[in-house]
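Undergrad: Pasting the sequence and the predicted model now:
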Amino acid sequence: MFALYQHDLTGQPLLGALGPNASLLTRALAHAAADRAEELDAIIDRHAHGWSVTRIQPLERSIMRVALIEMLHPEAAPADTPIPPEGAIEEAVESAKVFCAGEAPGFVNGVLAAVLRDVLENSPIPASDAAGVTQPAISQPTTEQHTTEQHTTDRHTTEQHTTNGSR
(Lines give C-alpha, C1' and ligand atoms only; values in the text may rest on other atoms or scores of the structure.)
Protein backbone atom coordinates (compact mmCIF):
# COMPACT_ATOMS: atom_id res chain seq x y z
CA MET A 1 0.00 0.00 0.00
CA PHE A 2 2.79 2.47 0.89
CA ALA A 3 4.79 1.55 -2.21
CA LEU A 4 1.70 2.11 -4.33
CA TYR A 5 1.12 5.45 -2.57
CA GLN A 6 4.74 6.49 -3.15
CA HIS A 7 4.59 5.38 -6.80
CA ASP A 8 1.34 7.31 -7.27
CA LEU A 9 2.71 10.53 -5.75
CA THR A 10 6.27 10.59 -7.04
CA GLY A 11 6.19 8.47 -10.17
CA GLN A 12 9.01 6.40 -8.68
CA PRO A 13 9.11 2.93 -10.25
CA LEU A 14 7.06 0.51 -8.20
CA LEU A 15 9.95 -1.94 -8.02
CA GLY A 16 12.11 0.66 -6.24
CA ALA A 17 9.28 1.74 -3.95
CA LEU A 18 8.63 -1.84 -2.85
CA GLY A 19 12.12 -2.51 -1.60
CA PRO A 20 14.03 -5.80 -1.56
CA ASN A 21 12.17 -7.40 1.36
CA ALA A 22 8.62 -7.09 0.01
CA SER A 23 6.76 -10.40 -0.02
CA LEU A 24 5.46 -12.02 -3.21
CA LEU A 25 1.90 -11.19 -2.11
CA THR A 26 2.77 -7.52 -1.50
CA ARG A 27 4.50 -7.28 -4.88
CA ALA A 28 1.62 -8.94 -6.71
CA LEU A 29 -1.03 -6.72 -5.09
CA ALA A 30 0.97 -3.53 -5.69
CA HIS A 31 1.66 -4.33 -9.34
CA ALA A 32 -1.94 -5.40 -10.00
CA ALA A 33 -3.27 -2.22 -8.37
CA ALA A 34 -0.84 -0.02 -10.34
CA ASP A 35 -1.58 -1.83 -13.61
CA ARG A 36 -5.34 -1.49 -13.09
CA ALA A 37 -5.32 1.97 -11.49
CA GLU A 38 -7.54 3.53 -14.16
CA GLU A 39 -10.14 0.75 -13.85
CA LEU A 40 -10.04 0.82 -10.04
CA ASP A 41 -10.28 4.61 -9.92
CA ALA A 42 -13.37 4.47 -12.14
CA ILE A 43 -14.96 2.00 -9.72
CA ILE A 44 -14.04 4.18 -6.73
CA ASP A 45 -15.36 7.27 -8.52
CA ARG A 46 -18.69 5.53 -9.24
CA HIS A 47 -19.17 4.48 -5.62
CA ALA A 48 -17.76 7.51 -3.75
CA HIS A 49 -20.98 9.46 -4.03
CA GLY A 50 -20.29 13.17 -4.03
CA TRP A 51 -16.51 12.73 -4.32
CA SER A 52 -14.36 12.51 -7.42
CA VAL A 53 -11.43 10.13 -7.19
CA THR A 54 -9.05 13.07 -7.65
CA ARG A 55 -10.35 14.66 -4.40
CA ILE A 56 -9.68 11.51 -2.37
CA GLN A 57 -6.42 11.55 -0.44
CA PRO A 58 -3.73 9.49 -2.23
CA LEU A 59 -3.15 7.10 0.68
CA GLU A 60 -6.88 6.39 1.01
CA ARG A 61 -7.06 5.83 -2.75
CA SER A 62 -4.12 3.38 -2.56
CA ILE A 63 -5.75 1.50 0.31
CA MET A 64 -8.99 1.17 -1.68
CA ARG A 65 -7.16 0.11 -4.85
CA VAL A 66 -5.45 -2.76 -3.04
CA ALA A 67 -8.73 -3.85 -1.42
CA LEU A 68 -10.48 -3.74 -4.80
CA ILE A 69 -7.80 -5.97 -6.32
CA GLU A 70 -8.37 -8.47 -3.51
CA MET A 71 -12.16 -8.23 -3.96
CA LEU A 72 -12.52 -8.13 -7.74
CA HIS A 73 -9.37 -9.82 -9.03
CA PRO A 74 -8.41 -12.46 -6.45
CA GLU A 75 -6.37 -14.28 -9.11
CA ALA A 76 -3.87 -11.39 -8.95
CA ALA A 77 -2.83 -12.31 -5.41
CA PRO A 78 -0.87 -15.57 -5.08
CA ALA A 79 -2.50 -17.37 -2.19
CA ASP A 80 -3.77 -20.84 -1.41
CA THR A 81 -7.11 -19.33 -0.40
CA PRO A 82 -8.41 -16.04 -1.80
CA ILE A 83 -9.07 -13.28 0.69
CA PRO A 84 -12.85 -12.98 1.17
CA PRO A 85 -14.20 -9.57 0.10
CA GLU A 86 -15.30 -8.81 3.67
CA GLY A 87 -11.75 -9.53 4.84
CA ALA A 88 -10.32 -7.16 2.22
CA ILE A 89 -12.70 -4.44 3.41
CA GLU A 90 -11.80 -5.04 7.06
CA GLU A 91 -8.05 -4.85 6.28
CA ALA A 92 -8.58 -1.62 4.33
CA VAL A 93 -10.59 -0.05 7.16
CA GLU A 94 -7.95 -1.04 9.73
CA SER A 95 -5.20 0.45 7.54
CA ALA A 96 -7.20 3.66 7.21
CA LYS A 97 -7.64 3.78 11.01
CA VAL A 98 -3.90 3.58 11.54
CA PHE A 99 -2.55 5.69 8.68
CA CYS A 100 -5.25 8.18 7.61
CA ALA A 101 -7.38 11.01 8.98
CA GLY A 102 -10.23 10.37 11.42
CA GLU A 103 -13.00 10.26 8.81
CA ALA A 104 -11.11 7.98 6.42
CA PRO A 105 -12.08 4.58 7.90
CA GLY A 106 -15.80 5.28 7.50
CA PHE A 107 -15.29 6.64 4.00
CA VAL A 108 -13.16 3.65 2.91
CA ASN A 109 -15.71 1.26 4.44
CA GLY A 110 -18.61 3.02 2.73
CA VAL A 111 -17.04 2.99 -0.73
CA LEU A 112 -15.83 -0.62 -0.55
CA ALA A 113 -19.12 -1.85 0.95
CA ALA A 114 -21.00 -0.13 -1.90
CA VAL A 115 -18.78 -1.92 -4.43
CA LEU A 116 -19.36 -5.27 -2.72
CA ARG A 117 -23.11 -4.64 -2.56
CA ASP A 118 -23.08 -3.80 -6.28
CA VAL A 119 -21.21 -7.00 -7.09
CA LEU A 120 -23.50 -9.18 -4.98
CA GLU A 121 -26.71 -7.62 -6.27
CA ASN A 122 -25.83 -7.46 -9.94
CA SER A 123 -23.25 -9.99 -11.03
CA PRO A 124 -21.45 -12.15 -8.49
CA ILE A 125 -19.18 -13.71 -11.12
CA PRO A 126 -16.68 -11.56 -13.04
CA ALA A 127 -17.36 -11.48 -16.76
CA SER A 128 -14.73 -11.93 -19.48
CA ASP A 129 -14.40 -9.53 -22.35
CA ALA A 130 -13.91 -10.58 -25.98
CA ALA A 131 -10.14 -10.95 -25.47
CA GLY A 132 -10.72 -13.33 -22.55
CA VAL A 133 -9.53 -10.82 -19.96
CA THR A 134 -11.48 -10.98 -16.73
CA GLN A 135 -13.28 -7.74 -15.98
CA PRO A 136 -14.66 -6.86 -12.54
CA ALA A 137 -18.29 -7.64 -11.89
CA ILE A 138 -19.30 -4.03 -11.40
CA SER A 139 -22.38 -2.79 -13.13
CA GLN A 140 -23.37 0.66 -14.23
CA PRO A 141 -26.37 2.11 -12.38
CA THR A 142 -29.63 1.20 -14.07
CA THR A 143 -32.62 3.41 -14.65
CA GLU A 144 -34.40 1.36 -11.99
CA GLN A 145 -32.06 2.66 -9.28
CA HIS A 146 -33.05 6.04 -7.94
CA THR A 147 -31.24 8.10 -5.36
CA THR A 148 -33.80 9.41 -2.93
CA GLU A 149 -31.61 11.41 -0.57
CA GLN A 150 -27.98 12.41 -0.29
CA HIS A 151 -26.33 14.65 2.28
CA THR A 152 -22.65 15.48 2.52
CA THR A 153 -21.87 15.95 6.19
CA ASP A 154 -18.12 16.59 6.06
CA ARG A 155 -15.04 16.01 3.94
CA HIS A 156 -15.35 12.23 3.82
CA THR A 157 -18.77 11.30 5.10
CA THR A 158 -21.76 10.96 2.86
CA GLU A 159 -25.07 9.37 3.60
CA GLN A 160 -27.09 8.00 0.75
CA HIS A 161 -30.33 6.11 0.69
CA THR A 162 -30.92 4.17 -2.50
CA THR A 163 -33.97 2.28 -3.59
CA ASN A 164 -33.81 -0.32 -6.27
CA GLY A 165 -36.84 -0.96 -8.48
CA SER A 166 -36.19 -4.71 -8.39
CA ARG A 167 -36.86 -5.00 -4.64
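TA: Arrived safely, thanks for sending.
Undergrad: Now do stretch 50-59: everything it contacts.
TA: Contacting residues not belonging to stretch 50-59 are listed as 1, 5, 8-9, 41-42, 44-45, 48, 61, 64, 99-101, 104, 107, 150, 152, 156, 158 [Cβ atoms under 8 Å, 6 or more residues apart in numbering]. Glycine gets a C-beta too; all of them are placed from N, C-alpha and C.
Undergrad: Straight-line length of that stretch, end to end?
TA: One end of stretch 50-59 to the other measures 19 Å (Cα to Cα, to the nearest Å).
Undergrad: and the nearest residue to Met71 once chain neighbours are set aside, how many neighbours?
TA: Spatial nearest neighbour of Met71, excluding adjacent residues (Cβ to Cβ, 6 or more residues apart in numbering): Pro85 at 4.4 Å. Applying other Cβ atoms under 10 Å, we find 20 residues neighbouring Pro85.
Undergrad: Next, give phi and psi for Pro85.
TA: phi -50, psi -40 (degrees, to the nearest 10).
Undergrad: Please apply the same query to Leu29.
TA: Dihedral pair for Leu29: phi -60, psi -40, per degrees, to the nearest 10.
Undergrad: residues in contact with it?
TA: So Leu29 contacts Val66, Ile69, Glu70, Ala76, Ala77 (Cβ under 8 Å, 6+ apart).
Undergrad: gap between Leu29 and Ala101?
TA: Separation of Leu29 from Ala101 (Cβ to Cβ, to the nearest Å): 23 Å.
Undergrad: Can you name the residues that contact the residue nearest to Met71?
TA: Glu70, Met71, Leu116, Val119.
Undergrad: For it, give its distance to Asp118.
TA: Taking Cβ to Cβ, one finds Pro85 at 11 Å from Asp118.
Undergrad: Ok, Ile83 next?
TA: Going from Ile83 to Asp118 by Cβ to Cβ gives 19 Å.
Undergrad: Is Gln12 part of a helix or strand, or is it coil?
TA: coil (DSSP: H, G, I helix; E, B strand; the rest coil).
Undergrad: mind checking pLDDT for the residue nearest to it when sequence neighbours are not counted?
TA: Using Cβ to Cβ, 6+ apart and skipping the chain neighbours, the partner closest in space to Gln12 is Gln6 (5.8 Å). Gln6 carries a pLDDT value of 83.
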